[in-house]
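1. need a 3D model of the following:
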Amino acid sequence: MTLSPLDDYPVHQIAETIRHVGTSDRNFYDRYYFNCHPGLDGDTDPLFLIIGLGQYPNLGVCDGFAVLRRGDDHIVFRASRALGEDRMDLSVGPLRIEILEGLHRLRVVLDPSTEAPDLSFDLVFESDGPANLEARHFHRQLERVTFDTQRFVQTGTWSGSLTVDGEVRPVTADTWRGNRDRSWGVRPVGEAEPPGRKADPALAASQNFFWIYSIMQFGDYSIVTVIQEDQQGRRIVEDATRVWSDRTREPEWLGRPDHELTFVPGTREVATGTLHFRRPGAPGEPDRVLSVTCEPVLPHYLGVGTGYGLEQDWRHGMWQGELVVQGLREKVSAIEPWKKMLCPVDNLARFTVSEDGDSRTGAGLFEVAVIGPHQRYGFTGIGDVAP
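-> This is a model prediction of the structure:
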C-alpha cells in the first residue's frame with residue numbers, strides 16, 4: 001500500500017490508507033460541482049458557467065470539465081488523467097481547485113491552454129451561508145445498488161476574472177452568484193457495464209429518470225430542493241430546506257416538495273414551473289404552504305461534451321490515458337435534439353417566492369431531467385415529447 005500526504009491527518013474511516021475507499025464498487029466517485037453567473041438583474045446577455053472535477057478511486061481516473069453557455073455558444077473544456085496516489089491533488093491538466101478555507105472559500109482556476117483556447121478563468125468562491133447536508137440518495141434497481149451517495153450544497157458569491165475568446169471579463173462579488181456542491185458515493189460512471197437482467201426489453205422500457213434539483217438564492221436565505229421520482233411518481237429521494245445566511249440559525253425544513261411543470265411544445269424542456277412546499281400544521285391548524293414560481297432564463301445542456309454519458313468516447317471515470325486535454329465548441333441551436341432530451345438541463349432561472357402574503361425574487365439553478373416514462377406528465381416512453 002502506498003501512503004499519501006493525506007494519511008498524515010486523522011481522517012481514516014477504515015483500516016486502509018486514505019487512497020483506498022471502503023468499497024470495491026467500480027462506481028465509487030468523489031467530486032466537485034460549481035456554477036457561476038452574473039445575476040439576472042439588468043443583464044441582457046446572461047451567461048452560465050459550470051465546472052466539475054471528480055476522482056474515481058477504483059477506476060484510477062481523475063477528470064474535470066468546464067462548460068460555458070453564452071448566447072448560442074456551448075464551449076467545453078475537458079481533461080482526464082491517471083489518478084495517482086495523492087488525493088489532495090485537485091488538478092487535471094490546466095484545471096485545478098484550491099481549498100482556501102474549508103466550507104467557505106475555494107479557488108477554481110482554468111489556465112489558458114492550446115488544446116482549449118476559447119475559455120479560461122481564475123475565480124474565488126466565497127460562501128454566503130453554511131453548507132447544507134442533503135438527504136442521502138439511495139436507489140436499487142433489481143439486485144444492484146445504483147445510487148448510494150451523500151452531498152452537501154452551498155451558495156455564495158464569485159470574484160476574479162473570466163476570459164472568453166480572448167476577452168477578459170471581471171467577476172465581482174457584488175453581482176456574481178452561484179452554488180457549489182460536493183458529492184461522493186456510488187453512482188453509474190465510466191463505460192457501460194454488461195447489462196445482465198436489465199437487457200430484458202420490458203424492464204428497459206420501464207426505466208425512467210425524473211429529477212428536479214434547484215438551488216434558489218434570495219439574499220438572506222437560500223432554498224434547496226431535490227426530487228427524484230419513478231414513472232408512477234413514487235419518491236426515491238426528496239428534500240426541501242431553507243438555509244439562512246445567518247449561520248446562527250438552524251436550517252428550516254420546508255415540508256414535502258411538489259411540482260407543477262409545463263413544457264415547451266415538441267420537447268421535454270421546461271417552459272415554466274412551480275414548486276410547492278407543504279409542512280403539516282399542528283392539530284387544528286392549517287398546513288403551511290410556501291410556493292415558488294420558476295422561470296427558466298438560460299438552459300444549459302450540462303451533459304453535452306462533459307462526460308455525463310451522452311458520448312460513447314468520453315464519460316466520467318473513463319480511462320483516456322495518462323493525461324488528455326480537449327476543447328469542444330458548438331452552437332446550442334445545432335445540438336441534436338436527442339441529446340437535449342437525454343441529459344439534465346441546468347437552467348439559470350429566476351424565482352419568485354410567495355410566503356405569508358409577501359413575495360420576493362431571486363436567481364439560481366433549476367436543474368430538470370424528465371427522461372423515459374412519467375405518468376403525471378403523459379410521457380409513456382423515451383421518445384415522447386410535449387404536445
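
2. what's the neighbour count on Val385?
-> 14 (other C-beta atoms under 10 Å). Every C-beta, even on glycine, is put in place using the N, C-alpha and C of the backbone.

3. again with Val264
-> 14.

4. name the element the nearest residue to it once chain neighbours are set aside belongs to?
-> Of all residues not flanking Val264 in the chain, Ala271 sits nearest, at 4.9 Å (C-beta to C-beta, 6 or more residues apart in numbering). Using DSSP states H and E, Ala271 sits within strand 270-279.

5. which residues are in contact with that strand?
-> Residues outside strand 270-279 that contact it (C-beta atoms under 8 Å, 6 or more residues apart in numbering) are 212, 214, 223, 225, 240, 253-264, 287-296, 345, 347, 366, 368.

6. could you redo the last one with a cut-off of 6 Å?
-> Strand 270-279 is contacted from outside by 240, 254-264, 287-294, 296, 368, using C-beta atoms under 6 Å, 6 or more residues apart in numbering.

7. and what of stretch 103-114?
-> In contact with stretch 103-114 (C-beta under 6 Å, 6+ apart) are residues 34, 51, 66, 94-100, 120-127, 131.

8. Tyr213 pairs with what?
-> Val226, Glu367 (DSSP bridges).

9. sorry, back to before: pLDDT score for the residue nearest to Val264?
-> Note for Ala271: predicted pLDDT of 98.

10. so how far is Gly71 from it?
-> Separation of Ala271 from Gly71 (C-beta to C-beta, to the nearest Å) stands at 20 Å.

11. does Asp7 touch Ile18 like I think?
-> Yes: the criterion here is C-beta atoms under 6 Å, and Asp7 meets it with Ile18 at 5.2 Å.

12. of those two, which one has the most company?
-> Per other C-beta under 10 Å, whichever of Asp7 and Ile18 has more neighbours is Ile18, with 21 against 17.

13. and the more buried one, which helix or strand is it part of?
-> Per DSSP H and E: nothing holds Ile18, as it lies in no helix or strand.

14. next up, the contacts around it.
-> Leu6, Asp7.

15. 10 Å instead?
-> Neighbour list for Ile18: 3-9, 11-12, 57, 85-88 [criterion: C-beta atoms under 10 Å, 6 or more residues apart in numbering].

16. check those residues for burial and list the buried ones.
-> Leu6, Asp7, Pro57, Arg87 (16 or more other C-beta atoms under 10 Å).

17. and the residues you listed, which two are furthest apart?
-> For these, the maximum inter-member distance is 14.1 Å, found between Asp7 and Pro57 (C-beta to C-beta).

18. if I look at Ser4, what pLDDT would I see?
-> pLDDT recorded at Ser4 is 87.

19. and the gap between it and Phe48?
-> From Ser4 to Phe48 the distance is 35 Å (C-beta to C-beta).

20. again, but for Phe138
-> With C-beta to C-beta as the criterion, Phe138 and Phe48 are 30 Å apart.

21. do the same with Trp211
-> To Phe48, Trp211 is 18 Å away according to C-beta to C-beta.

22. do the same with Gln375
-> 31 Å.

23. and Glu191, by the same measure?
-> As judged by C-beta to C-beta, Glu191 and Phe48 stand 29 Å apart.

24. and those two? Which one has more around it.
-> For Glu191 versus Phe48, the count of surrounding residues by other C-beta under 10 Å is larger for Phe48: 22 against 11.

25. noted, bye for now.
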